[in-house]
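>>> whatever this is, show me its structure:
(2 chains)
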There are 2 protein chains.
Amino acid sequence: MKSIAPYIDHTLLKPSASQHDILKLIHEAIEYNFACVCIPPIYVTLANQLLQEHQTIKVCTVIGFPLGYNLSKVKVYEAQQAVLQGADEIDMVVNQNFIKNEDWNGVEEDIKSIRAVSKNKVLKVILETAHLTDEEIIKASKIAEKSGANFIKTSTGFGKGGASIKAVKLMKSVISANMKIKASGGIRDLATAQKYIDLGVSRIGTSSGVSIIKGQTSTTDY
Amino acid sequence: MKSIAPYIDHTLLKPSASQHDILKLIHEAIEYNFACVCIPPIYVTLANQLLQEHQTIKVCTVIGFPLGYNLSKVKVYEAQQAVLQGADEIDMVVNQNFIKNEDWNGVEEDIKSIRAVSKNKVLKVILETAHLTDEEIIKASKIAEKSGANFIKTSTGFGKGGASIKAVKLMKSVISANMKIKASGGIRDLATAQKYIDLGVSRIGTSSGVSIIKGQTSTTDY
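Residues are numbered from 1 along each chain as shown, chains lettered A, B, ... in the order given. I've put the predicted structure just below:
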């Protein structure tokens, strides 16, 4: 079996995460060679410094997280700051309110505005699929691709539900081969992670990366 | 019994709240004469327009919500935009990570930087008390007052727990008579709201304002 490590976005997004917790996360990412560390904006500078000699491990942070209803210009400013501080990957939250208002132009402009300030960075659009209808998932997925994002991502981990096989299949059915999927939220063991990878998912966002690698089940969240 | 309406921050902060939902909230606030509407940043302009002829009802929005770990400069920018769009009251989330790092100077600078751009506006600092120890609640309450905030607020409604009598008593015990308290998170009936008001709380943040006024119990959240 291929190693699962390059699929793992090693994640700690709790508002109570201390610097000590983040240092531990970064050292685990180095030890296991995970794809990236996914961390709060305030810790990007620290992660960037510590990973200078481990360029294969990327620094990922979150924008408009986890509710996505900040003004677009605020999300843009937050993304600009993240890039300035050394983020390689940007996980932005879609504006769900715009989706519920059927303001699809607003959804698109919001993503495009962040794409414009994160050129050459990996941009993932978090749809929070547990809050959306099938039709909304389909439309939002297409718009994310049209707007130049690199990934669509299922969940923030702070919503009403996490990743689901159904949502990933739906996303997969409407995007091109160039577009990638990140499954996140509630993935805490190897069997579940493998199921998503078998479906064609390119990344798994989880705080249980170490347990997954070791074949254990974790009870942590975010 | 005195009317409870002037104590209610009529709140809808769900990421799925549609414009229709927000319009309903605003009309309810007018009908019952609540203290304010507490809404996502993207709806501040709309609320401000609709409340032009109802100046007693304030427009409140949230900053760095609900996790609080955005860069201070991003929270400052978000607060500036909210004020420009007509927000009267700013509910900012404290940086819990700084609290966990015992970086009390960081906690203070974060609040002060938002205070500096929201002069003459009501500034509430959300502590997310359910995530904090008693000692952390005490220190953060004192720092919020020292930093010029008008209120300390118990909870975002998105954390591990909401308001508690214990947390409010603790806050009350360490702040001056000039500082006010907003209890929020899980308050869904009149008896509970009254209990907090009897303790000296000046505002109740709830999405159940109409049920509370009518003496009913609500099952909604946020």
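
>>> show me the contact partners of stretch A:48-55.
If you take C-beta atoms under 8 Å, 6 or more residues apart in numbering or on different chains as the criterion, stretch A:48-55 is touched by A:23, A:26, A:29-30, A:37, A:57-59, A:85-87. Using the backbone N, CA and C atoms, a C-beta is placed for each residue, glycine as well.

>>> pull out the buried members of these.
For the contacts of stretch A:48-55, a burial check counting by 16 or more other C-beta atoms under 10 Å in any protein chain shown picks out A:26, A:29-30, A:37, A:57-59, A:85-87.

>>> can you pick out the most distant pair from these?
A:30 and A:85 (19.5 Å; C-beta to C-beta).

>>> inside helices: which ones of the buried ones among the contacts of stretch A:48-55?
Judged by DSSP state H, the subset of the buried ones among the contacts of stretch A:48-55 located in helices is A:26, A:29-30.

>>> chain B contacts on chain A?
Contact residues, chain A versus chain B (C-beta under 8 Å from any C-beta of the partner chain): A:13, A:15-19, A:40-43, A:65-71, A:73-74, A:77-78, A:81, A:93, A:95-98, A:100-101, A:128, A:131, A:158-159.

>>> what about residue A:138, neighbour count?
When neighbours are defined as other C-beta atoms under 10 Å in any protein chain shown, residue A:138 has 16 of them.

>>> and if you look at residue A:52?
Counted with other C-beta under 10 Å, the neighbours of residue A:52 add up to 8.

>>> average model confidence for stretch A:48-55?
Averaging pLDDT along stretch A:48-55 gives 97.

>>> so where's chain A shaky on pLDDT?
Along chain A, segments meeting pLDDT under 70 span A:1-2, A:219-222.

>>> find the residue at the geometric middle of it.
residue A:91 (4.6 Å; C-alpha atoms, centre = their mean).

>>> where exactly do the strands run in chain A?
Using DSSP state E, the strands found in chain A span residues A:8-11, A:36-39, A:58-63, A:89-93, A:122-126, A:151-153, A:180-184, A:203-206.

>>> wait, which of those is closest to residue B:148?
Within the strands of chain A, the stretch nearest residue B:148 is strand A:58-63; the backing value is 28.5 Å (C-beta to C-beta).

>>> using CSV, write out every CA atom in the closest one.
Extracted in CSV, the C-alpha atoms of strand A:58-63 (Å, rounded to 0.1, in the frame of the first residue of the first chain):
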residue,chain,number,x,y,z
LYS,A,58,3.7,23.3,3.0
VAL,A,59,2.2,25.9,5.3
CYS,A,60,-1.6,26.2,4.9
THR,A,61,-3.9,28.6,6.7
VAL,A,62,-7.6,29.5,6.6
ILE,A,63,-9.4,32.6,5.4
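
>>> neighbouring strands - and their directions - for that strand?
If you go by DSSP bridges, strand A:58-63 pairs up with strand A:36-39 (parallel), strand A:89-93 (parallel).

>>> nearest to residue B:209, of those strands?
Nearest of those (C-beta to C-beta): strand A:89-93, 27.2 Å.

>>> circling back: which of the ones in helices among the buried ones among the contacts of stretch A:48-55 lies closest to chain B?
Distance ranking of these against chain B, using C-beta to the nearest C-beta, places residue A:26 first at 14.9 Å.

>>> spatially nearest residue to residue A:43, not counting backbone neighbours?
residue A:22 (4.9 Å; C-beta to C-beta, 6 or more residues apart in numbering or on different chains).

>>> and the one you found, how far from residue B:35?
Computed with C-beta to C-beta, to the nearest Å, the distance linking residue A:22 and residue B:35 is 39 Å.

>>> which one of these two has more residues nearby?
Neighbours per residue, other C-beta under 10 Å: of residue A:22 and residue B:35, the larger number sits with residue B:35, 24 against 21.

>>> residues contacting that one?
B:5-10, B:57-58, B:203.

>>> out of those, which end up buried?
Buried among those by 16+ other C-beta under 10 Å: B:5, B:7-10, B:57-58, B:203.

>>> count the neighbours of residue A:170 for me.
Neighbours around residue A:170, by other C-beta under 10 Å: 18.

>>> check contacts around it.
A:134, A:137-138, A:141.

>>> and those, which are buried?
A:137-138, A:141.

>>> for those, which one is nearest chain B?
Of the buried ones among the contacts of residue A:170, the one sitting nearest to chain B (C-beta to the nearest C-beta) turns out to be residue A:137, at 13.5 Å.

>>> pull the contacting residues for that closest one.
A:127, A:129, A:167, A:170-171.

>>> the same query, at a cut-off of 6 Å, please.
Contacts for residue A:137 (C-beta atoms under 6 Å, 6 or more residues apart in numbering or on different chains) come out as A:129, A:170.

>>> tell me how far it lies from residue A:68.
15 Å.

>>> which positions in stretch A:148-155 come out as buried?
In stretch A:148-155, counting by 16+ other C-beta under 10 Å, buried: A:149-155.

>>> that older thread, identify the farthest-apart pair in the contacts of stretch A:48-55.
A:30 and A:85, at 19.5 Å, using C-beta to C-beta across those.

>>> sounds good, over and out.
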